[in-house]
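A.B. asks: my questions concern the predicted model and sequence given below.
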Amino acid sequence: MHKVRIGTRGSPLALWQAHFVRDSLAGHFPEHEIELVILDTKGDQIRDRALSQIGSDGLFTKEIQLALLDNSVDIAVHSLKDLPTAKVAGLKLAAIPKRGSTGDAFVSNTINSFDELPQNATIGTTSLRRRSQAIYRRPDLNLVHLRGNVETRLNKIESEKLDGIILAEAGLIRLGFQSRIKEILDPEWMLPAVGQGALGLECRADDANTLQILGKLDDPITHAETIAERSLLRNLGGGCLVPVGIRTKITGDLVSLTAVVLSEDGKQRIIADETGSIKEVEMIGLRLAEKMKKGGAEKILSTIRPALPS
């Protein structure tokens, strides 16, 4: 019997994702023994500050990657939107399973939709991307940072007297909280994060056996979409903490990307699109990044990067 060790964070959503991968692998390889190894990341350890105040990329992934490199685990299960686009020597993004929902959800105990929020309402969110897009649409809103797992954030609506919060649709659905969703925000103005709703399965680049078994879980359409998105982000020089949103659509063999870059205060917004063949997803992301840089995205992002601790 071959033993496979899956490295994961210990939050309820991370454990859902790890169990999903474990069960999927077990369906293909019932002869394998599959074990979960729970690891703490920097993002889990520091909970009293906004993510943008803690550090740069890899807040929820670095420790799991280190466990891969020192052979403590064989597979790392990441929320793909948390996984930095820079390659780590010795590791490979081996599979991206079929994507879940990509939307951002508005949740409130008293208000049925985002546009029904009263003037100067107070909204909680974890990301600069959501914050910037919400303020762009509604400059009157008071946006506050939220930390904690999904259930903790839901409870803060009541405990912190919030008018509502914005968080990922996929996480709510995966944890059985879909009944709390008041509205899925229109992706025409609330563009999702790069890799939102997708999982990234990483292993050691020289581990041929694990590379082979993870190949069974890879979804070609999701893989193409998210590689194009990650190419855009990498070539913009952004990371998972900056206000970059993207919509991706595949029709036949054509991939269409629409991306937005915003200033932290939501006052500046640059949006552009690019289309190309599914065979050149890396290039589509690169072309769109160059187009957005020429439009001023580089200037906006340069004002945000220095404020992010390393």
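C.D. replies: That came in fine, so what should we check first?

A.B. asks: host element of residue 230?
C.D. replies: Of the helices and strands defined by DSSP states H and E, residue 230 is found in helix 220-236.

A.B. asks: can you show me the helices along the stretch 201-310 of the chain?
C.D. replies: 208-215, 220-236, 281-294, 297-304 (DSSP state H, counting those that start in this stretch).

A.B. asks: out of the ones you listed, which is the most enclosed?
C.D. replies: Mean neighbour count (mean count of other Cβ atoms under 10 Å) peaks for helix 220-236 among these, with a mean of 22. For every residue, glycine as well, the C-beta is placed using N, CA and C.

A.B. asks: about what we covered before: comparing the helices of the stretch 201-310 of the chain, which gets the lowest mean pLDDT score?
C.D. replies: Looking at the helices of the stretch 201-310 of the chain, the lowest mean pLDDT belongs to helix 297-304 (a mean of 87).

A.B. asks: just give me the residue closest to the centre of the protein.
C.D. replies: residue 81 (2.2 Å; Cα atoms, centre = their mean).

A.B. asks: who are the contact partners of that one?
C.D. replies: Listed by Cβ atoms under 8 Å, 6 or more residues apart in numbering, the contact set of residue 81 reads 193-196, 198, 240.

A.B. asks: where exactly do the strands run in the stretch 101-250 of the chain?
C.D. replies: 104-107, 122-125, 142-145, 164-168, 181-184, 199-204, 244-251 (DSSP state E, counting those that start in this stretch).

A.B. asks: take those strands and lay them out in a markdown table including mean neighbour count, distance to residue 133 and mean pLDDT.
C.D. replies: Below are the strands of the stretch 101-250 of the chain laid out as a markdown table (neighbours: other Cβ atoms under 10 Å; distance: least, Cβ to Cβ, whole Å; pLDDT from 0 to 100):
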| stretch | mean neighbour count | distance to residue 133 | mean pLDDT |
| --- | --- | --- | --- |
| strand 104-107 | 24 | 8 | 98 |
| strand 122-125 | 21 | 10 | 96 |
| strand 142-145 | 15 | 10 | 94 |
| strand 164-168 | 25 | 9 | 97 |
| strand 181-184 | 16 | 14 | 98 |
| strand 199-204 | 23 | 24 | 98 |
| strand 244-251 | 20 | 6 | 96 |
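
A.B. asks: reformat these as TSV; add distance to residue 95.
C.D. replies: Output for the strands of the stretch 101-250 of the chain, formatted as TSV (distance: least, Cβ to Cβ, whole Å):
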stretch	distance to residue 95
strand 104-107	25
strand 122-125	30
strand 142-145	33
strand 164-168	21
strand 181-184	27
strand 199-204	4
strand 244-251	18
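
A.B. asks: between those, which one is nearest to residue 18?
C.D. replies: Residue 18 sits nearest to strand 199-204 of all the strands of the stretch 101-250 of the chain, at 9.4 Å, using Cβ to Cβ.

A.B. asks: tell me what the closest one is packed against?
C.D. replies: The contact analysis (3 or more Cβ pairs under 8 Å, 6 or more residues apart in numbering; DSSP states H and E) places strand 199-204 against helix 12-28, helix 62-69, strand 75-79, strand 91-95, helix 208-215.

A.B. asks: now residue 107: how far from residue 222?
C.D. replies: 26 Å (Cβ to Cβ, to the nearest Å).

A.B. asks: you'd agree residue 74 is up against residue 21?
C.D. replies: No. Counting by Cβ atoms under 8 Å, residue 74 stays clear of residue 21, with 11.6 Å between them.
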